[in-house]
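Novice: 3D model of this:
(2 chains)
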Amino acid sequence: MKTVRITGLFIFCLLFQRPLLRAQTDSTGIYLRYILDGSDSLCGVGISRLVALRPTEAFPLLRAINDMRLYRLNGQPVTPQSDEPTAIDSGKVLLLSLLPPYQLVNDDHGHPATTGSSGLTEVKISRGNRLLLTPVLPLLNLFSTTPQKRILAYSQLQQNQQIDQLPYLQAALAQETDAEALRTGKDIYYSLQLQHAQHAATARAYIDSIVMNWSDNAATMLRTYAHNGTLGKDLNAYTAQQAVALETRYDRLQKIQNFFSGLSLGSILILIALGLSIVYGLAGIINMAHGEFLMIGAYTTYVVQCIFGNIFHSHSDWAFFISLPVSFVVAGLLGLLLERLVIRHLYSKPLESLLATWGVSLILIQAARSIFGDLTAVKTPTVLSGGWQILPHLVLPYNRIFIITLTTGVVALTYGMLYRTRLGMQIRAVTQNRQMSACLGIETRRVAAVTFFIGSGLAGIAGCAMTLIGNVVPDMGQTYIVDSFLVVVTGGVGKLAGTIVAGLGIGFLTKLFESFFQAVYGKVFILLFIMLFMQYKPKGLFPDKGRLAED
Amino acid sequence: MKKKDLIYYIIFLLVFAVILPLGHVAGLVSTNTISLWGRYFCFAIAALGIDLIWGYTGILSMCQAFFFCLGSYGIAMHMLLKTTAANGATVPDFMVWNKIETLPLAWIPFQSSGLTLVLCLVVPALFAFLIGYVLFRSRIKGVYMAIITQALALAMWLLFLRNETKLGGTNGLTDFKTLLGFRLADTGTKMALYGLSLAVLCGAYFLCNRMVHSKFGKVLLAIRDSESRISYAAYNVNDYKLAVFVVAALLAAVAGMLYVPQTGIITPGRMDVKASVEMVMWVALGGRGNLKGAVIGALLVNYLYSICTSLFPDSWLYILGFFFVITVLFFDKGLVGVVDMAWQKWTAYKLRRAAIS
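Specialist: Residues are numbered from 1 along each chain as shown, chains lettered A, B, ... in the order given. As a prediction, the model looks like this:
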C-alpha cells in the first residue's frame, strides 16, 4: 500500500512539473510580437507557427485570440478574468496576463489592472487569421477562464482518447484553480494514462489515483477497465475490487444525503404541524386554513423584500432575516382576526371547524391570487445559497441547514413557552380540561386567542422558511397541509414530543421510500404505514392515559 | 311534515321531469342545458351518499370523490376501448404515445359491457369495504377519520396522475364515441342519459329515504348522536358504519358512471382533495341530515357555479367560501333548515293570528 501511495505521489509531481524550455519560450515571444505588432500577414505567420509548434504556454494566448478577448496593456498581452460582456463593460474586471499564463497584472500605479485601466487597447485579429486556429480548437477551451468551459473541454478529451494530447491536458491542469474542474481534469488524465499503461504496477498506481480522486464516474470507469483490461487477471480483479469499494462509499454518502433531506423535510413538517397540533389540542379546532397562514408568511417575506428593494434600494440579506419576525407577527395577527370572526363560534366542534376553515382557505387563496398574481419568488439570501461541501460528493445545502436550525430554535422556544411560562401553564391546563380551568379563573377565551396567534405565527415562520426552497404561489399551503395533518394525527393531538417524533419519522420514511420507489409510490406507502400504525395506536404515539383519555 | 315533503317532490318532478324536457321539445331549452342538469343529478346522487354517511352517521369521509372517480374511470375505460375497437386499433391512443403495445391486464375485463357494469360497482365497494374495515376496526373516528380519508384521497390522486397507472395520467380519459352502441353526440342519447340520471336520482332518493326511516337508519342516527351508548346497547357499531360507508361509496360510483358519458372526459382533477371537500360542501349548504337538503345543495351549488364562473369568474371562490363559512357558523341545518325554520315561524304566526281573531 505504501509503495502505491508513493507512486501516486510521483505521478502527481510529474503532473505539476511544467515542461518549460527556455528556447521555446523565446520563440513563443517572437511570434507573440508578430501577432501584437505585425501587419495582418505577419500576424497570420505568428499564429500559424504557434499552432504548428503548440507550445503549451501559448494556449491561453491562442484562446484569447479565438474568443476575441485579446487586449494589450503596456505592450503586454492581457485578457479579462470574466467572459461576460456586461462585466467587461463595467470596467471592474481584473486583467490577467497571457504570457506567463494567467497572472494578475499591475497598472502604472502598482494597483491591479482592470478593464477600466487607461492604456488598455483591444487587439483586433482578422477573421482569416483566427481561422488558422482550427486545428487546435478542441484544446483551446482547456485554457478558458470559465471553469464550466474547462470541464467541458476535459470531457471532450476523454472522448477523443488521444495520448498525444496529454501534454496539453497536463499543462492545463498545472494552472487549474477550480476544485471541480481540477477533479474532472485529473480524472480524465488518470484514465487516459491508465488506458495506455504498459505495466501492471503503473496501471495500479493510476487506479489508486482514480480512487483517491472521488470523481462522479470513477466507479463506472474502473468497472469498464476491470472488464476490458489487458494487463493480467490480477490487475483486473484488483480494479473490480476497487470499483466495488468506491461504489459502497458512494452509496454510503448517498444514504447520508438521504438522511439529511429526510431531516430537512421532517423539520418543515414539524414547523407546520407544531401550530396545528397546539391549536387542535387546546381548542379542538382543525384549522384547514393553517396552510394559508404559511402562504401569508411567504408573501410577507416577498413584500418585505420588495419594500427593501424598491424603497430602500437595498438588496442585502437583512430583508430575509427581518421578514422572519415580521411574517410571524403578520400571520399571527391575521390568525387572531380569523379567530375573532370565525373560529370563536366553533370551539370543540372539530368537524365543523374543519369545514368552515376550508371555506376560509378558499377565500384566502383567491385573495392572494387577486393581489399577487400566480407566481412570485423570493431571492434566497446570499449567505444561504450554496452548500457546505463536506466531501466531494456530500454537499449539504445551506438553506436546508438553516431550516433545520430554525426548526430546532422554534421547537426550543415553543417548549420553553409551554413548560416554563405562566401562559404555557395556562395553555396546558386549558388543553387538559377546559371547564375546570375556567372554574379556576383562567380566561379560556383569551388563552385560546393567544394560542391561535402563536399557532398561526408559527405557520408564518414556516412560510418564510419555505421561500428558501420553493416559489411563492397562492396554493403553496395545500401542498403540505395534508402531510402535516398526518403528523398531528400520528403524533397525537397537542403533544409537542409526538409532533416532533412523528414529523421526523414521516420525513425520514418519505425519503427512505422515495429512494426505493418513486416519490408518488413513497407517499402511498407512507399512508399505508400510518393506517397500519393507527391499528395499534389509534390515539397517536403518545396517547393520554387514564381519565384524560376520551370515552 | 309529510305534506310539505310532497310539495318538494311535486315541484322537483314538475321542473325536471316535465318543464325542462317540454322546454327542450319546444326549442326553448338547449341540449347543453339538459346535459348540464343531467350532470348535476349525478352530483346529487353522490351527495345523497355523503348525507347518509356524514349527515346521518356523523362520519366525515373525505374520499367520496375517489369512489366517484372509480365508477367514472370504469365506464370511461369501457367506452374508450369500444371507440378504439371501432377505429381498428388494439390499444387507446394515449397508450400508443406511452409506447404500450398490448392492452394492460386491468383493462381487459372492460371490453365487455356487462362485466364493466359489475366491476364499476364491485371495485368501489371493495375499496370502501377494505378502507372502512381497517379504519373502523381501529376505532378511528371524527377528525382522525376525516384526515386519514383525505390523505387517502391525496395518495390516490397522485397515483392516478402517474402514467405508470396506465389510466391516462394527468390528461385522463377522453374522446369517447359510443355507449352500448348509442352515439354520444346524438341529442336522443343525451336526453336518454338525462332521463336515466333523473330516474336513478329518484330511485336512489327513494331507497335512501326508506333506509333512513327504517330501524337501520335509527341506528345510524344513534351512532351519530352517541356512539358509545349505542354500542353499550349491544349493537355492533362497526358493522353499521361499514355498511353505510359501502353504500355511500356505491352511490358515488353510480353517480360517476352516469357522469362520464354526459361530460365526455374524466381526469384525476375530479378526485383531488378539493373535489371531495366540495362534495361535502354541497351537503352542508343544502342541509345535512336531510336527504332533500343534499339533493338541493348539490343542484344549487353547481348551478350557481356555472352561473358565477361565466359572469364573474374571479369571485367564485370568494362566494363559495363565504357561503360555506356562514352556513357552517350560523345555519348548521343548511338551506333546507332555513326554509323549515321560516315555514315554522309562518305557521306559528298564522296560528297566533287565528287565535287572536
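Novice: going forward, measure contacts between C-alpha atoms and count neighbours the same way
Specialist: Noted.
Novice: how about the strands in chain B?
Specialist: B:173-174, B:178-179, B:182-183, B:265-266 (DSSP state E).
Novice: which regions of chain B lie under the pLDDT threshold?
Specialist: For chain B, the stretches with pLDDT under 70 are B:1-2.
Novice: Turn the strands of chain B into CSV, columns for distance to chain A and mean neighbour count.
Specialist: Shown next, in CSV, are the strands of chain B (distance: least, C-alpha to the nearest C-alpha, whole Å; neighbours: other C-alpha atoms under 10 Å in any protein chain shown):
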stretch, distance to chain A, mean neighbour count
strand B:173-174, 20, 21
strand B:178-179, 33, 18
strand B:182-183, 38, 13
strand B:265-266, 21, 20
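Novice: got the ones you listed as TSV, with distance to B:Ser226 columns?
Specialist: Shown next, in TSV, are these (distance: least, C-alpha to C-alpha, whole Å):
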stretch	distance to B:Ser226
strand B:173-174	44
strand B:178-179	46
strand B:182-183	50
strand B:265-266	39
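Novice: What distance do you get for A:Val447 to B:Cys202?
Specialist: Distance from A:Val447 to B:Cys202, counting by C-alpha to C-alpha, to the nearest Å: 50 Å.
Novice: oh sorry, the question was meant for B:Ala253
Specialist: Counting by C-alpha to C-alpha - B:Ala253 and B:Cys202 are separated by 16 Å.
Novice: what about those two, which has more around it?
Specialist: Ranked by neighbour count (other C-alpha atoms under 10 Å in any protein chain shown), B:Ala253 and B:Cys202 place B:Ala253 first, with 33 against 16.
Novice: residues in contact with that one?
Specialist: Contact analysis of B:Ala253 by C-alpha atoms under 8 Å, 6 or more residues apart in numbering or on different chains lists B:Ala46, B:Phe67, B:Phe68, B:Cys69, B:Leu70, B:Gly71, B:Ser72, B:Cys120, B:Leu121, B:Pro124.
Novice: repeat for B:Cys69
Specialist: By C-alpha under 8 Å, 6+ apart, the neighbours of B:Cys69 are B:Ala253, B:Gly256, B:Ile266, B:Pro268, B:Arg270, B:Met271.
Novice: Try it again at 7 Å.
Specialist: By C-alpha atoms under 7 Å, 6 or more residues apart in numbering or on different chains, the contact list for B:Cys69 reads B:Ala253, B:Gly256, B:Arg270, B:Met271.
Novice: The last one reaches B:Phe66, doesn't it?
Specialist: The reference is to B:Met271. Yes: assessed by C-alpha atoms under 7 Å, B:Met271 is found in contact with B:Phe66 at 5.1 Å.
Novice: quick one, which of those two is more surrounded?
Specialist: More crowded of B:Met271 and B:Phe66, by other C-alpha under 10 Å: B:Phe66, with 29 against 24.
Novice: need the contact list for the more buried one.
Specialist: Shown in contact with B:Phe66 (C-alpha under 7 Å, 6+ apart): B:Ala153, B:Met271.
Novice: Now residue 37: closest residue in space, sequence neighbours ignored.
Specialist: You didn't say which chain, so I picked chain A. Nearest non-adjacent residue to A:Asp37, counting by C-alpha to C-alpha, 6 or more residues apart in numbering or on different chains: A:Cys43, 7.8 Å away.
Novice: my bad, the chain I had in mind was chain B
Specialist: B:Tyr194 is the one closest to B:Trp37 (C-alpha to C-alpha, 6+ apart), at 7.5 Å.
Novice: count of neighbours near that neighbour?
Specialist: For B:Tyr194, the count of nearby residues is 26 (other C-alpha under 10 Å).
Novice: try the one 4 residues further on
Specialist: Counted by other C-alpha under 10 Å, the residues lying close to B:Leu198 total 23.
Novice: residues contacting the closest residue to B:Gly132 other than its chain neighbours?
Specialist: With C-alpha to C-alpha, 6+ apart as the criterion, B:Gly132 has its nearest non-adjacent residue at 5.6 Å, and that residue is B:Leu242. Contacts for B:Leu242 (C-alpha under 7 Å, 6+ apart) come out as B:Phe129, B:Gly132, B:Tyr133.
Novice: Residue of the stretch 201-350 of chain B closest to chain A, please.
Specialist: B:Gly321 (4.0 Å; C-alpha to the nearest C-alpha).
Novice: can I assume that residue is in contact with A:Thr357?
Specialist: No: using C-alpha under 7 Å, B:Gly321 is not in contact with A:Thr357, being 9.0 Å away.
Novice: tell me which helix or strand of chain A sits lowest on mean pLDDT?
Specialist: helix A:2-16 (a mean of 49; mean pLDDT, DSSP states H and E).
Novice: so what does the top helix by length along chain A touch, helix or strand wise?
Specialist: If you go by DSSP state H, chain A has its longest helix at helix A:233-283. Where contact means 3 or more C-alpha pairs under 7 Å, 6 or more residues apart in numbering or on different chains; DSSP states H and E, helix A:233-283 is packed against helix A:218-228, helix A:398-420, helix A:422-432, helix A:444-466, helix A:476-491, helix A:496-516.
Novice: now with 6 Å?
Specialist: With contacts taken as 3 or more C-alpha pairs under 6 Å, 6 or more residues apart in numbering or on different chains; DSSP states H and E, helix A:233-283 sits against helix A:218-228, helix A:398-420, helix A:444-466, helix A:476-491, helix A:496-516.
Novice: A:Glu176 is nearest to which of these?
Specialist: With C-alpha to C-alpha as the measure, helix A:218-228 is the member of the helices and strands packed on helix A:233-283 nearest A:Glu176 (20.1 Å).
Novice: Next, the angle from that closest one to helix A:233-283.
Specialist: Note on geometry: by axes from the mean of the first three to the mean of the last three C-alpha atoms, to 10 degrees, helix A:218-228 and helix A:233-283 are set 150 degrees apart in direction.
Novice: what sits up against helix A:218-228?
Specialist: A:Asn236, A:Thr239, A:Ala240, A:Ala243 (C-alpha atoms under 6 Å, 6 or more residues apart in numbering or on different chains).
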